[in-house]
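S.K.: Got a predicted model here, sequence first, then my questions.
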Amino acid sequence: MPLGKGNKSRRVIRAPKIIPASLDGRSIMYAIIENGNKQYKVAVGDVLSLEKLSAAVGEKVEFSAIFVSDESGIKTAGDAANYKVTAEVLAQDKAKKIIVYKYKAKKNERKKQGHRQPFTKIKVVDIAVGKAEG
């Protein structure tokens with residue numbers, strides 16, 4: 001039976017090959033940190049943009065982990081409180097400009113405003129057990 005103009009040829013779709021993190025040379029340790037009322041899943045070597053931090057470029061910053069997963073299992077709440085995520089500040093910048101336009105219909109009331117949200121770009125350097133507080 002010939003394929004018509006609208007029919008698509010049949011293709012076999014294969015799932016991507018998944019290599020466990022422990023086999024490809026990377027650590028499977030990751031942590032969840034909180035910044036700006038948002039939570040981020042981070043691993044060593046990750047680069048991400050966070051809400052603006054008051055740290056200069058090149059400085060090290062520390063975050064306390066909410067949740068940690070490593071070779072020995074998953075640590076939550078009390079167990080993860082001793083873990084610290086250390087990161088290096090790569091840049092302090094502003095995001096792309098967005099335009100905020102407000103108007104009221106039939107009132108000739110218009111307001112155009114631009115906004116650039118400041119952010120801090122960091123690179124995660126280490127996830128380790130810090131000093132116990134108390």
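M.R.: Thanks, I have the structure now.
S.K.: Counting neighbours, what do you get for Tyr40?
M.R.: 19 (other CB atoms under 10 Å). Backbone N, C-alpha and C define where each C-beta goes, glycine included.
S.K.: Tyr30 too?
M.R.: 19.
S.K.: ditto for the one 4 residues further on
M.R.: By the other CB under 10 Å criterion, the neighbourhood of Glu34 contains 13 residues.
S.K.: Next: Val42.
M.R.: Val42: 21 neighbours (other CB under 10 Å).
S.K.: roughly how far apart are it and Lys123?
M.R.: From Val42 across to Lys123, the span is 10 Å (CB to CB, to the nearest Å).
S.K.: Need the residues touching each of these two.
M.R.: Ala87 (CB atoms under 8 Å, 6 or more residues apart in numbering).
S.K.: just the strands in this protein please.
M.R.: For the chain, strands defined by DSSP state E occupy the ranges 30-35, 38-42, 47-51, 60-70, 73-76, 83-94, 98-104, 109-115, 118-129.
S.K.: hey, least reliable of these by pLDDT?
M.R.: Lowest mean pLDDT within the strands of the chain: strand 73-76, at a mean of 76.
S.K.: Kind regards, and thank you for your time.
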